[in-house]
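Visitor: Just need the structure, nothing else, for what follows:
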Amino acid sequence: MTFPRLRPLGLLLGLALPLLAAPLEAQTKKAPQAPDVPTPRVIAYRWMSLEKWREFHQGDLDRAKAGPIDVLFLGDSITEAWDKAGLKVWNEAFEPMKAANFGIGGDTTQNVLWRITEGGALQGVHPKVVVLMIGTNNIGLHQHTPDAVARGVSAVVKTLRQKLPDSRILLLGIFPRGETPGDRYRQSVAAANERLAKIGAGDRHVRYLRIWDEFLRPDGTMSKDVMPDFLHPSEAGYRLWTQAMMPTLREMLGE
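Guide: As a prediction, this is how the structure comes out:
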């Protein structure tokens, strides 16, 4: 049975300008969000209002109640856009797996932490595998260091293990971003991934997978055919993601 989750995809650019009320902006500057502390979305962006974020979260709660979920995708706009640019690939590859998409554009580690704790997004779900990718917005929107990103991702993984003890976690390295190898965001992402690779070491329920070169040319540059804005995959990019991940996912599902 298909559960459509067609939602507006915000263009999640690292340089996007938030539309904030002055008091909230001042508050945010005084108290930067910690990457490992559950925090609901408190910043409204041009492409994502706080009301829309809450609607997306409610949509996930509704999906959790709608039926069984064997594969749960959890993340930000790169995950969310399986419902847009990646929809054809999703329907071919993941719909038959009873997969659900809990990606919300603009989310950070702290937002995901809130969703799976106080937000109740995991209530009633018992996925065989959780596919997790989160952290690029910590770098692009909050300028968190690679160490801080790793702390946030580690907190998400730890929480998933506590709340879903029988589920396996496929932790994806953050995808490359930026057109060239020298892009400062890409360098930060690469440094963060070095740390993410160590998360869950020794835990048979957690597996790390780095999908990186698949999105790049031999010289390390990125084609707009793969990521038109050098951050979000096109349909071709989602197909590359699927091809790179599917063997590991099937193995974790016991297929």
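Visitor: Run through the protein and note the low-pLDDT ranges.
Guide: 1-32 (pLDDT under 70).
Visitor: Helices of the stretch 151-255 of the chain, start to end?
Guide: Along the stretch 151-255 of the chain, counting by DSSP state H, counting those that start in this stretch, helices occupy 184-196, 235-253.
Visitor: who wins for proximity to residue 58 among those helices?
Guide: helix 235-253 (25.2 Å; Cβ to Cβ). In this view, the C-beta of every residue, glycine as well, is placed from N, C-alpha and C.
Visitor: Check which residues of the closest one are buried.
Guide: Using 16 or more other Cβ atoms under 10 Å as the burial criterion, the residues of helix 235-253 that qualify are 235-242, 244-245, 248-249, 252.
Visitor: What count of nearby residues applies to residue 181?
Guide: Neighbours of residue 181 under the rule other Cβ atoms under 10 Å: 14.
Visitor: For residue 180, list the residues it contacts.
Guide: Contact analysis of residue 180 by Cβ atoms under 8 Å, 6 or more residues apart in numbering lists 186, 220, 221, 222.
Visitor: Turn those residues into JSON lines, including distance to residue 71 and neighbour count.
Guide: Shown next, in JSON lines, are the contacts of residue 180 (distance: Cβ to Cβ, whole Å; neighbours: other Cβ atoms under 10 Å):
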{"residue": "186", "distance to residue 71": "28", "neighbour count": "23"}
{"residue": "220", "distance to residue 71": "31", "neighbour count": "15"}
{"residue": "221", "distance to residue 71": "32", "neighbour count": "13"}
{"residue": "222", "distance to residue 71": "27", "neighbour count": "22"}
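Visitor: related to what we said a few turns ago, could I get the helices of the stretch 151-255 of the chain in CSV, plus columns for distance to residue 124?
Guide: Shown next, in CSV, are these (distance: least, Cβ to Cβ, whole Å):
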stretch, distance to residue 124
helix 184-196, 28
helix 235-253, 20
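Visitor: and residue 211, which of these is closest to it?
Guide: From the helices of the stretch 151-255 of the chain, taking Cβ to Cβ, the stretch that ends up closest is helix 235-253, at 4.5 Å.
Visitor: Give me the helices and strands touching that closest one, please.
Guide: On a contact count with 3 or more Cβ pairs under 8 Å, 6 or more residues apart in numbering; DSSP states H and E, helix 235-253 meets helix 87-93, strand 129-133, strand 168-172, strand 206-209.
Visitor: From the chain's centroid, how far away is that helix?
Guide: Put simply, helix 235-253 sits 15 Å off its chain's centre (Cα atoms, centre = their mean, to the nearest Å).
Visitor: before we move on, the earlier item: which two of the contacts of residue 180 lie the greatest distance from each other?
Guide: Checking the contacts of residue 180 with Cβ to Cβ, the most distant pair is 186 and 221, at 10.5 Å.
Visitor: so what's the residue nearest to residue 106 when sequence neighbours are not counted bridging to?
Guide: Excluding the flanking residues, the one nearest residue 106 by Cβ to Cβ, 6 or more residues apart in numbering is residue 48, at 4.9 Å. In this structure, residue 48 bridges to residue 45 when assessed by DSSP bridges.
Visitor: How about the contacts made by the residue nearest to the spatial centre of the chain?
Guide: Compute the mean C-alpha point of the chain, and by Cα atoms, centre = their mean the closest residue is residue 75, 2.2 Å away. Counting by Cβ under 8 Å, 6+ apart, residue 75 touches 102, 103, 107, 112, 131, 132, 133, 134.
Visitor: Quick check: the fifth one touching residue 78?
Guide: This means residue 131. No: distance between residue 131 and residue 78: 11.4 Å, which falls outside the contact criterion (Cβ atoms under 8 Å).
Visitor: quick one on the thing from earlier: the residue nearest to the centre of the chain and residue 115: what is the separation?
Guide: Note on residue 75: its distance to residue 115, by Cβ to Cβ, to the nearest Å, is 11 Å.
Visitor: Determine the residues that are contacts of both of those two.
Guide: Common neighbours of residue 75 and residue 115 (Cβ under 8 Å, 6+ apart) are 102, 107.
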